[in-house]
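Engineer: This is a predicted model, with the sequence first.
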Amino acid sequence: ASAHRLWPEIDRVTMEQMHYARMSVEDSGGVWQLFAEEGEMKMYRREEEVNGMVIDPLRACHVVKGVTGHEVCEYFFNPQYRLEWEATVETTTVLEKIADDTLLFLQVHKRIWPASQRDAVFWSHMRRVPDDKDQDGPDIWVVVNNSVDIPDLPANSGKCVRLFLTVCLMCQTFIDPPTNGAKVSRNDLTCKITYCSVVNPGGWAPPSVLRAVYKREYPKFLKRFTNYVIDQCQDKPILF
Ligand SMILES: CCCCCc1ccc(-c2ccc(S(=O)(=O)CCO)cc2)cc1/C=C\c1ccccn1
């Protein structure tokens with residue numbers, strides 16, 4: 001993969017996004033507004049517009065029992081599961097396999113009335129990151145999705161408006177080993193998930209419509225995805 005033309009960008013953006021995701025909501029610059037809270041899941045956003053277009057950065061923090069960060073990232077990254085948990089995606093296509101852990105996607109999202117339909121072209125990279133703060137600490141897995149312009153698929157050439165996204169799913173796994181020396185089981189696992197996204201909707205969409213879509217869709221999206229992973233993993237051996 002390191003020979004691929006996109007590799008320098010993939011490496012830089014992945015590390016940037018990982019550090020951005022690790023900054024806690026409290027101490028990061030700018031005011032984060034808690035806009036959804038359901039059990040362990042807390043969703044924050046910042047209201048930002050560029051040329052009158054809503055590009056509200058979003059950060060979600062969630063704690064899930066019974067799965068590892070490796071498992072969560074695998075189900076998020078692997079295209080074969082995508083349509084089982086992503087309710088807003090109409091089609092997803094792998095345009096290029098850049099490496100085993102790096103794919104180039106074309107994704108067409110379902111149209112959200114009254115806005116026009118969107119598509120996205122992005123690379124997706126999954127990586128295990130050693131915790132630089134604490135060598136034998138819990139390991140961290142990340143998936144970063146980042147839009148790219150590719151000449152073969154120019155933006156807005158078909159029926160869809162091209163949206164631009166940078167998404168980071170970062171997972172930290174905590175294992176609470178059983179005291180009686182028994183094998184680690186799923187209820188000894190806790191996964192702390194940080195999901196960050198900045199989406200530029202491409203063409204203009206009414207700010208009120210976009211904010212309503214995000215407020216409604218993002219909590220559903222993260223809950224549906226994490227419940228899907230728990231369900232898929234529960235009777236499978238643990239992937240550490
Ligand atoms: C007017 C509508 C404008 C487009 C709205 C929209 C923007 C972005 C995205 C989106 C959300 C998650 C990702 S991902 O995390 O990379 C996973 C891979 O699919 C990529 C794209 C979707 C949607 C459309 C609906 C919507 C909005 C939130 C949450 C879920 N769906």
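Structural biologist: Cool, got the structure.
Engineer: tell me which parts of this structure are close to the ligand?
Structural biologist: For the chain, the contact set with the ligand under Cβ under 6 Å from any ligand atom comprises 86, 88-89, 107, 109, 112, 115, 118, 120, 145, 163, 165, 167, 197, 199, 201, 205, 210, 213-214, 217-218, 221. Backbone N, C-alpha and C define where each C-beta goes, glycine included.
Engineer: In ChimeraX, select just the buried ones from those residues.
Structural biologist: Of the residues of the chain next to the ligand, the buried ones go into a single ChimeraX selection, burial set by 16 or more other Cβ atoms under 10 Å:
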select :86,107,109,112,115,118,120,145,163,165,167,197,199,201,205,210,213,214,218,221
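Engineer: Which positions in the strand or helix carrying Val13 come out as buried?
Structural biologist: For Val13, the host element (DSSP states H and E) is helix 7-22. Neighbour-count burial for helix 7-22, with 16+ other Cβ under 10 Å as criterion, is recorded at Trp7, Ile10, Val13, Thr14, Gln17, Met18, Tyr20, Ala21, Arg22.
Engineer: Could you point out the helix or strand that follows it?
Structural biologist: strand 33-38.
Engineer: any residues touching that following strand, and which ones?
Structural biologist: Under the contact criterion Cβ atoms under 8 Å, 6 or more residues apart in numbering, strand 33-38 has outside partners Lys42, Met43, Tyr44, Arg45, Arg46, Glu47, Lys215, Tyr218, Pro219, Lys223.
Engineer: Nearest residue to the first one in space, please, no chain neighbours.
Structural biologist: On the basis of Cβ to Cβ, 6 or more residues apart in numbering, the spatially nearest residue to Lys42 that is not a chain neighbour turns out to be Cys61, at 5.0 Å.
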